[in-house]
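Novice: need coordinates for the below:
(2 chains)
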2 protein chains.
Amino acid sequence: MELLKEKIRRQGKVGAGNVLKVDSFLNHQMDIKLFNEFGKEFKRRFADVEVNKILTIEASGIGIACIVAQSFDVPVLFAKKSKTKNIAGEVYTSRVQSYTHGRIFDIIVAKEFLGPGDKVLIIDDFLANGAALEGLISLVKDSGAEFVGAGIIIEKGFQGGGDRLREAGIRLESLAIVDSMDETTGEIVFRDEK
Amino acid sequence: MELLKEKIRRQGKVGAGNVLKVDSFLNHQMDIKLFNEFGKEFKRRFADVEVNKILTIEASGIGIACIVAQSFDVPVLFAKKSKTKNIAGEVYTSRVQSYTHGRIFDIIVAKEFLGPGDKVLIIDDFLANGAALEGLISLVKDSGAEFVGAGIIIEKGFQGGGDRLREAGIRLESLAIVDSMDETTGEIVFRDEK
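Specialist: Take a look at the predicted model:
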């Protein structure tokens, strides 16, 4: 998606430890108009499948998922990272190793909101090693719902998670795939659009 | 807001420890069409003030804030609850005691995204003792930005935070104020609309 690549080129900052800082528009301050363009683009790329629920994971996936959901006219469910007082009853759970936070955590969704009949599109902001996405797909499959695909805003292609999942048959659409980035020069190289 | 009260009456569940469970539409599964109605209502209630940024706090405030932002045509900034690799540089910080999680945490926003010239509307899903809202207002004031008001979806009136803040001169609009709720009968009593 050229609009997104341009935004990343102009506002993204390459930091130490494979960090691509896009917090001026994606995951701290959020450009809602841009998110709406993500929605239109995902709707185009997933035009051939039926979607009746979007699943994402807290925190930075939530805003994107809610705006994207308007293009599909469906509700959003977000997986939580820890059990709080507000979730009672039974949950589906999956273990994820976070690249960003450098720790392992459980992700959970309440069983009452995911199950047979749900056709689930997963939306998230970043894909690196693929652990969070695998955890979300696992929740969907455990619930008996149908996983129809995953839409990612920025895939860090050089970390390999996306290609590994594609090879495993996962339908995955990333709006920008970063194949390399250089911390010293700040250069970001995108994979060619198909 | 009658539509919201009706939704709470039909789908809300009163749990132990003053918990009002609304996770079928508000803070786990999210009803995006309803969120759009929140946006229109806040736009009506804050029609007399200029807003150029919405501030919220992760996680469950984010989706609401993003949809509401469309009614104001402004970007959203969300305060984070812990310092991650993705935020470098200087931040504004404030300490908050969470009612839901029963712990104390720091909330932070990057200084580059909040400052003089910003006219900030704070949006959050719940208001109970008011600690999170006070923390957010404190961040806004520290930054030199202007706090123009706060829009809350559900205020737990019986916990007193909202009334205390109103008495302190804070402009606060809550779409539903719960004045009492009964764990055994499930009854929820709303404050009369003004």
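
Novice: what ranges do the strands span in chain A?
Specialist: For chain A, the strands defined by DSSP state E cover A:13-15, A:19-21, A:29-30, A:53-57, A:76-79, A:91-98, A:103-110, A:119-127, A:146-156, A:172-181, A:188-190.

Novice: could you dump those to JSON lines with mean neighbour count?
Specialist: To be clear about C-beta, it is placed using only N, CA and C from the backbone, and glycine gets the same treatment. Below are these laid out as JSON lines (neighbours: other C-beta atoms under 10 Å in any protein chain shown):
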{"stretch": "strand A:13-15", "mean neighbour count": "16"}
{"stretch": "strand A:19-21", "mean neighbour count": "19"}
{"stretch": "strand A:29-30", "mean neighbour count": "24"}
{"stretch": "strand A:53-57", "mean neighbour count": "26"}
{"stretch": "strand A:76-79", "mean neighbour count": "26"}
{"stretch": "strand A:91-98", "mean neighbour count": "17"}
{"stretch": "strand A:103-110", "mean neighbour count": "17"}
{"stretch": "strand A:119-127", "mean neighbour count": "24"}
{"stretch": "strand A:146-156", "mean neighbour count": "23"}
{"stretch": "strand A:172-181", "mean neighbour count": "20"}
{"stretch": "strand A:188-190", "mean neighbour count": "17"}
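
Novice: redo these as TSV? Include distance to residue B:171.
Specialist: As requested, the strands of chain A are exported to TSV (distance: least, C-beta to C-beta, whole Å):
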stretch	distance to residue B:171
strand A:13-15	36
strand A:19-21	34
strand A:29-30	23
strand A:53-57	32
strand A:76-79	29
strand A:91-98	38
strand A:103-110	35
strand A:119-127	32
strand A:146-156	35
strand A:172-181	38
strand A:188-190	43
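
Novice: now those strands in CSV, with distance to chain B?
Specialist: Output for the strands of chain A, formatted as CSV (distance: least, C-beta to the nearest C-beta, whole Å):
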stretch, distance to chain B
strand A:13-15, 6
strand A:19-21, 6
strand A:29-30, 5
strand A:53-57, 8
strand A:76-79, 5
strand A:91-98, 9
strand A:103-110, 6
strand A:119-127, 9
strand A:146-156, 12
strand A:172-181, 15
strand A:188-190, 16
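
Novice: now those in JSON lines, with mean pLDDT?
Specialist: Putting the strands of chain A into JSON lines (pLDDT from 0 to 100) gives the following:
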{"stretch": "strand A:13-15", "mean pLDDT": "95"}
{"stretch": "strand A:19-21", "mean pLDDT": "94"}
{"stretch": "strand A:29-30", "mean pLDDT": "98"}
{"stretch": "strand A:53-57", "mean pLDDT": "98"}
{"stretch": "strand A:76-79", "mean pLDDT": "98"}
{"stretch": "strand A:91-98", "mean pLDDT": "87"}
{"stretch": "strand A:103-110", "mean pLDDT": "90"}
{"stretch": "strand A:119-127", "mean pLDDT": "98"}
{"stretch": "strand A:146-156", "mean pLDDT": "98"}
{"stretch": "strand A:172-181", "mean pLDDT": "98"}
{"stretch": "strand A:188-190", "mean pLDDT": "97"}
